[in-house]
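Visitor: give me a 3D structure for the following:
(2 chains)
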Amino acid sequence: GDSVTQMEGPVTLSEEAFLTINCTYTATGYPSLFWYVQYPGEGLQLLLKATKADDKGSNKGFEATYRKETTSFHLEKGSVQVSDSAVYFCALLTGANNLFFGTGTRLTVIP
Amino acid sequence: KAGVTQTPRYLIKTRGQQVTLSCSPISGHRSVSWYQQTPGQGLQFLFEYFSETQRNKGNFPGRFSGRQFSNSRSEMNVSTLELGDSALYLCASSLSEHEQYFGPGTRLTVT
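Guide: Numbers count the residues shown, from 1 in each chain, chains lettered A, B, ... in the order given. Okay, the predicted model is just below:
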């Protein structure tokens, strides 16, 4: 079945450090891939997406590339800020309109 | 454009009671999906409604049900509440099958 495996964390970084959160997936067919972010006490916000192989999603300095050959969609940011502290979820969407989520990675950025 | 709204934001119920949660999608969105978020199980898909019909269903017992109205607003109902139903219930609306936009959630506590 469809599933997402995500780096568990928690991850603690100093401000301006480089961020990578690993995400790999298993899916039948050709899924769309997403990163969502959840701030404390809030719902999920769509951070970026990619709908086909080799697509690169980007938003607010975050990037992720859809790699079909390695079934991966790793999230990266060159220089994190304190305001990036949140929980990040990798997710996939196949034919049915329901998202499969990873377990989430808590990121804490310290000044 | 207003985002997805969910009411109530917080709810405390007793075991054995039933509860109804409400979700108003983004204007023009006809698909509404519901997810349960718990620390142990993470984010799990409950069901999706499109044009007043349940289109997809996750692996939850029959105590969890939902419906959608002609204005696309959706409700979910949980009967005979159990302690394990304590969770954040998230609603998401979508226009297409590529992006889902989430509301802030309803935090249900069962005592």
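
Visitor: tell me where the chain has strands.
Guide: Went with chain A since none was named. In chain A, strands defined by DSSP state E lie at A:3-6, A:11-14, A:19-21, A:23-26, A:32-38, A:44-50, A:56-59, A:62-65, A:75-77, A:86-93, A:99-101, A:105-110, listed in chain order.

Visitor: oops, chain B please
Guide: Using DSSP E, strands in chain B cover B:5-7, B:10-13, B:19-24, B:31-38, B:42-50, B:53-57, B:64-68, B:74-78, B:87-94, B:101-102, B:106-110.

Visitor: so the residue nearest to the spatial centre of chain B versus B:Glu52, what's the distance?
Guide: Nearest to the geometric centre of chain B sits B:Trp34, at 3.6 Å (CA atoms, centre = their mean). Here the criterion is CB to CB, to the nearest Å. By it, B:Trp34 lies 15 Å from B:Glu52. Where C-beta positions appear, they are placed from N, C-alpha and C, glycine not excepted.

Visitor: likewise for B:Gln68?
Guide: Going from B:Gln68 to B:Glu52 by CB to CB gives 5 Å.

Visitor: and chain B, which residues reach chain A?
Guide: With CB under 8 Å from any CB of the partner chain as the criterion, chain B meets chain A at residues B:4, B:6, B:31, B:33, B:35, B:42-43, B:45, B:48, B:50, B:55-56, B:58, B:90, B:92, B:94, B:97-105.

Visitor: quick revisit: mean pLDDT and distance to B:Val110 added to the strands of chain A, as JSON lines?
Guide: Formatted as JSON lines, these follow (pLDDT from 0 to 100; distance: least, CB to CB, whole Å):
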{"stretch": "strand A:3-6", "mean pLDDT": "94", "distance to B:Val110": "28"}
{"stretch": "strand A:11-14", "mean pLDDT": "97", "distance to B:Val110": "32"}
{"stretch": "strand A:19-21", "mean pLDDT": "97", "distance to B:Val110": "32"}
{"stretch": "strand A:23-26", "mean pLDDT": "96", "distance to B:Val110": "32"}
{"stretch": "strand A:32-38", "mean pLDDT": "96", "distance to B:Val110": "22"}
{"stretch": "strand A:44-50", "mean pLDDT": "95", "distance to B:Val110": "23"}
{"stretch": "strand A:56-59", "mean pLDDT": "97", "distance to B:Val110": "37"}
{"stretch": "strand A:62-65", "mean pLDDT": "98", "distance to B:Val110": "36"}
{"stretch": "strand A:75-77", "mean pLDDT": "98", "distance to B:Val110": "34"}
{"stretch": "strand A:86-93", "mean pLDDT": "96", "distance to B:Val110": "23"}
{"stretch": "strand A:99-101", "mean pLDDT": "93", "distance to B:Val110": "23"}
{"stretch": "strand A:105-110", "mean pLDDT": "97", "distance to B:Val110": "25"}
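
Visitor: can I get these in JSON lines with distance to chain B and mean neighbour count?
Guide: Listed next are the strands of chain A as JSON lines, based on distance: least, CB to the nearest CB, whole Å; neighbours: other CB atoms under 10 Å in any protein chain shown:
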{"stretch": "strand A:3-6", "distance to chain B": "10", "mean neighbour count": "19"}
{"stretch": "strand A:11-14", "distance to chain B": "17", "mean neighbour count": "14"}
{"stretch": "strand A:19-21", "distance to chain B": "15", "mean neighbour count": "18"}
{"stretch": "strand A:23-26", "distance to chain B": "14", "mean neighbour count": "18"}
{"stretch": "strand A:32-38", "distance to chain B": "5", "mean neighbour count": "24"}
{"stretch": "strand A:44-50", "distance to chain B": "4", "mean neighbour count": "20"}
{"stretch": "strand A:56-59", "distance to chain B": "11", "mean neighbour count": "15"}
{"stretch": "strand A:62-65", "distance to chain B": "15", "mean neighbour count": "20"}
{"stretch": "strand A:75-77", "distance to chain B": "17", "mean neighbour count": "20"}
{"stretch": "strand A:86-93", "distance to chain B": "7", "mean neighbour count": "23"}
{"stretch": "strand A:99-101", "distance to chain B": "4", "mean neighbour count": "22"}
{"stretch": "strand A:105-110", "distance to chain B": "12", "mean neighbour count": "16"}
